[in-house]
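Enquirer: How does the following fold in three dimensions:
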Amino acid sequence: MRIHNHVQGEAVKVYSADGETQVLGDVLARGGEGAVHPLVSRPEVLVKLYHPDVLAKRGAELPRKVEAMTARRTAFDDMPVCWPLISVYNAAGTWTGYAMYRAEGVPMMKLAHSMLYQKYFPGLDRRRLADYVLAFVETIARLHERDVFVGDYNLNNIMCSPTTGKVTLIDCDSFQMRHEGKVYPCPVGSMDMTPAELMGRDFKTVRRTVESERFSVAIVLFKALMLGRHPYDAIGGENPVDNIRAGNFPYGRETTGRPKGPWHNIWSHMPYRLKQFFIQTFTEGARDPAQRATLEEWVEALRLYRAEIDKGWHEVAIRPERPKSKAYRGTQSIEVAGESST
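Expert: Below is the predicted model:
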């Protein structure tokens, strides 16, 4: 199916390859790559139109990648991802973007925020938070099974529904994927979400791996569980990017710069296994990709965390008022780096 873009008055009219006509609604979102519109007749379908300068810069590789993604669309029909459905074209027949289904929810960036979570997720507790992050990791694991890697991890591209608990990934056109033997890389990324071995390299030529994804996934999990705090954000130390390079994780053993206040309290209440995986991934794993916790390990640990919350073994408050004491939960306390955990 092909869609054409034509301005008629204030409306943007689009056409499919077989001549079907649709009108786009007002812009829902605008970013560095393009603008997103709903179809007036089907608001559950969105169209992303790339900015002209992006189309000029990316050349023929961008439409080729999206076309390859649309060819694989049926493999993702059962997944909570806004996968490209069809390509779109302007009135002259030039490729300008694609259509996708709309995602419900609020960006995880507002969930992982020390203030905004109260506005957008009223009544949020760590039961629901554990459900959100577990659903996220399970979706990433399913993508990996299909030889798809997110690459550019951004909490604004992870939509969390405050009502249903559903987690949906958007901006899928940047994902690294393989089709008919060709790898289409993820050409973008954020340095503070990227493992050290990929820093300083051209993302357009980088091949994301299971190991590189494990590092980025762990950062997302940490930020979600820690009110948005970056794992390598140390007090009185270097910036997160330099700390990633050095493997300086302030919550590890015998380290300095650990943030005080609510972040210290949250960390003290975190289950032992989750702490171990974070320490393993962000210290030894910062330099050695083989040391990073696997997605399967995260899923198992998060499922156990969720079950133990229901048993009353863990604090449910998003922002605990005080650090965890040895007396909390009575038994099965384990000392980790000078503090009590489970």
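
Enquirer: Now do the longest helix seen in the chain: which elements does it pack against?
Expert: Taking DSSP state H as the criterion, the chain has its longest helix at helix 126-145. With contacts defined as 3 or more Cβ pairs under 8 Å, 6 or more residues apart in numbering; DSSP states H and E, helix 126-145 has these neighbours: helix 108-111, strand 167-169, helix 210-225, helix 295-310. All C-beta spots, glycine's among them, are computed from the backbone N, C-alpha and C.

Enquirer: Mind listing the strands the next helix or strand after the second one pairs with, and their directions?
Expert: Downstream of strand 167-169, the next assigned helix or strand under DSSP states H and E is strand 176-179. When pairing is defined by DSSP bridges, strand 176-179 lines up against strand 148-149 (antiparallel), strand 182-184 (antiparallel).

Enquirer: Would you mark the buried spots in the last one?
Expert: It refers to strand 182-184. Residues of strand 182-184 classed as buried by neighbour count (16 or more other Cβ atoms under 10 Å): Tyr184.

Enquirer: Tell me which of the strands paired with strand 176-179 lies nearest to Gly123.
Expert: Nearest of those to Gly123, taken as Cβ to Cβ: strand 148-149 at 34.0 Å.

Enquirer: for this structure, which spans come out with low pLDDT?
Expert: 1-10, 14, 16-19, 254-255, 326-342 (pLDDT under 70).

Enquirer: domains in it, as residue ranges please.
Expert: 5-101, 106-341 (automatic domain parsing).

Enquirer: got a markdown table for the strands paired with strand 176-179, with distance to Asp242 too?
Expert: Formatted as a markdown table, these follow (distance: least, Cβ to Cβ, whole Å):
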| stretch | distance to Asp242 |
| --- | --- |
| strand 148-149 | 25 |
| strand 182-184 | 30 |
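
Enquirer: Go through those strands and name the closest to Ala11.
Expert: strand 182-184 (33.1 Å).

Enquirer: Report the backbone C-alpha coordinates of stretch 246-258 in CSV.
Expert: The C-alpha coordinates for stretch 246-258 follow below in CSV (Å, rounded to 0.1, in the frame of the first residue of the first chain):
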residue,chain,number,x,y,z
ALA,A,246,35.3,3.7,34.1
GLY,A,247,32.8,1.3,35.5
ASN,A,248,32.2,3.6,38.5
PHE,A,249,28.9,2.5,39.8
PRO,A,250,28.3,4.4,43.1
TYR,A,251,26.0,1.7,44.5
GLY,A,252,28.6,-1.0,44.2
ARG,A,253,30.8,-2.5,46.9
GLU,A,254,33.4,-0.2,48.4
THR,A,255,32.5,2.7,46.2
THR,A,256,31.9,6.4,46.9
GLY,A,257,29.4,9.0,45.6
ARG,A,258,26.2,7.2,46.4
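
Enquirer: Go through it and flag the buried ones.
Expert: In stretch 246-258, counting by 16+ other Cβ under 10 Å, buried: Gly247, Asn248, Phe249, Pro250, Tyr251, Gly252, Thr255, Gly257.

Enquirer: ok so, going back, ok, which of the strands paired with strand 176-179 comes nearest Ala286?
Expert: strand 148-149 (19.3 Å).

Enquirer: what distance separates the closest one from the middle of the whole chain?
Expert: 12 Å (Cα atoms, centre = their mean, to the nearest Å).

Enquirer: what do you get for stretch 46-55?
Expert: That offset, for stretch 46-55, works out to 22 Å (Cα atoms, centre = their mean).

Enquirer: and it, how far apart are its ends?
Expert: 19 Å (Cα to Cα, to the nearest Å).

Enquirer: quick one: Met109 and Pro162, what's the gap?
Expert: 14 Å (Cβ to Cβ, to the nearest Å).

Enquirer: cool, Ala224 as well?
Expert: Distance from Ala224 to Pro162, by Cβ to Cβ: 14 Å.

Enquirer: For those two, indicate the residue with more neighbours.
Expert: More crowded of Ala224 and Pro162, by other Cβ atoms under 10 Å: Ala224, with 21 against 18.
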